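**Student:** how would this look folded up:
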Amino acid sequence: MVEIKTDTALDAMREAGRVVADALAAAREAAGVGVSLQELDEAARAVLREAGADSPFLNYRPHFALTPFPAVICTSVNNAIVHGIPTDYRLRDGDLVSVDCGAHLGGWTGDSAISFTVGTPRPADLRLIETTERALQAGIAAAVVGARIGDISHAIGTIGRAAGYGILADFGGHGIGRRMHEDPHIANEGRPGRGMVLRHGMVMALEPMFLAGGGDTYVTAPDGWTLLTADGTRAAHCEHTVAVTEDGPRVLTMG
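**Tutor:** From the prediction side, this is the model:
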């Protein structure tokens, strides 16, 4: 069931979204060659704590997970696509890092992700990240009253496929509100004009994930959480929480 949020609720979600944006900014600022992934998690934790926000990631355990998630951010490096657990791994020159973060504040949730490089970037990684960000913006632009979910999926997927990148079939965006994951599911590829009609007050976390090698397959790491590209190539992940409004898409997780 899709919950339609009031304008007051959208304003409250914007406050949760600000916390997410600040936590991601803190994690990115902390990142550097020699810095551990756990240190990025600590930087994000400090932001959530200061804001009085809870983490919807910490201790989250969906049906597929072997154990509860142990951190407030996901840190996915190089061939890791999503759901990477922050460990004592220390970042190396040229690493591609995706950081996903959520915050629960005042009964409402925000969710967002960024990808960036550490040290000297590979040109191919910069193209991958730029394309993923561009696909996210296309998906946001398609989130208008009267459009359909398939229009968002088509906008995202068209950009990824045109660049020759792979797209996960089993993972994509989702509704968000009082809980981190709500209906509906928003695939990162689809046919326009299909699916639910978008209404004022619908809120979705849109999150393209592109695989540089062009394949769509993945494997799950032994930790039971991290999804890895099957061919060992790199991946990028970008996300924003977006409200559909009569005035156009409203991004709730901007800084």
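**Student:** Show me the helices in the protein, by range?
**Tutor:** For the chain, the helices defined by DSSP state H occupy 7-30, 37-51, 123-141, 149-162.
**Student:** What are the buried residues along the second one?
**Tutor:** Of the residues in helix 37-51, those buried under the neighbour-count criterion (16 or more other CB atoms under 10 Å) are 37, 38, 39, 40, 41, 42, 43, 44, 45, 47, 48, 51. To be clear about C-beta, it is placed using only N, CA and C from the backbone, and glycine gets the same treatment.
**Student:** would you turn those into JSON lines with distance to residue 240?
**Tutor:** Below are the buried residues of helix 37-51 laid out as JSON lines (distance: CB to CB, whole Å):
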{"residue": "37", "distance to residue 240": "23"}
{"residue": "38", "distance to residue 240": "26"}
{"residue": "39", "distance to residue 240": "25"}
{"residue": "40", "distance to residue 240": "20"}
{"residue": "41", "distance to residue 240": "21"}
{"residue": "42", "distance to residue 240": "24"}
{"residue": "43", "distance to residue 240": "20"}
{"residue": "44", "distance to residue 240": "17"}
{"residue": "45", "distance to residue 240": "22"}
{"residue": "47", "distance to residue 240": "18"}
{"residue": "48", "distance to residue 240": "18"}
{"residue": "51", "distance to residue 240": "19"}
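**Student:** before we move on, back to that, can you say which of the helices of the chain is packed in most?
**Tutor:** Mean neighbour count (mean count of other CB atoms under 10 Å) peaks for helix 149-162 among the helices of the chain, with a mean of 22.
**Student:** Give me the distance between that helix and the centre of its chain.
**Tutor:** 16 Å (CA atoms, centre = their mean, to the nearest Å).
**Student:** Can you report how many residues lie near residue 247?
**Tutor:** 9 (other CB atoms under 10 Å).
**Student:** so which of the buried residues of helix 37-51 comes closest to residue 6?
**Tutor:** residue 51 (22.6 Å; CB to CB).
**Student:** Looking at the helices of the chain, spot the one closest to residue 235.
**Tutor:** Smallest distance to residue 235 across the helices of the chain (CB to CB): 7.7 Å, for helix 123-141.
**Student:** Just want the angle from the closest one to helix 149-162.
**Tutor:** If you take axes from the mean of the first three to the mean of the last three CA atoms, to 10 degrees, helix 123-141 sits at 160 degrees to helix 149-162.
**Student:** Let me have the helices of the chain in JSON lines, extended by mean pLDDT and distance to residue 220.
**Tutor:** Output for these, formatted as JSON lines (pLDDT from 0 to 100; distance: least, CB to CB, whole Å):
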{"stretch": "helix 7-30", "mean pLDDT": "98", "distance to residue 220": "24"}
{"stretch": "helix 37-51", "mean pLDDT": "98", "distance to residue 220": "18"}
{"stretch": "helix 123-141", "mean pLDDT": "98", "distance to residue 220": "21"}
{"stretch": "helix 149-162", "mean pLDDT": "98", "distance to residue 220": "22"}
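**Student:** Pipe those helices into CSV and attach distance to residue 115 per row.
**Tutor:** Formatted as CSV, these follow (distance: least, CB to CB, whole Å):
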stretch, distance to residue 115
helix 7-30, 10
helix 37-51, 13
helix 123-141, 5
helix 149-162, 14
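**Student:** Cheers, nothing more for now.
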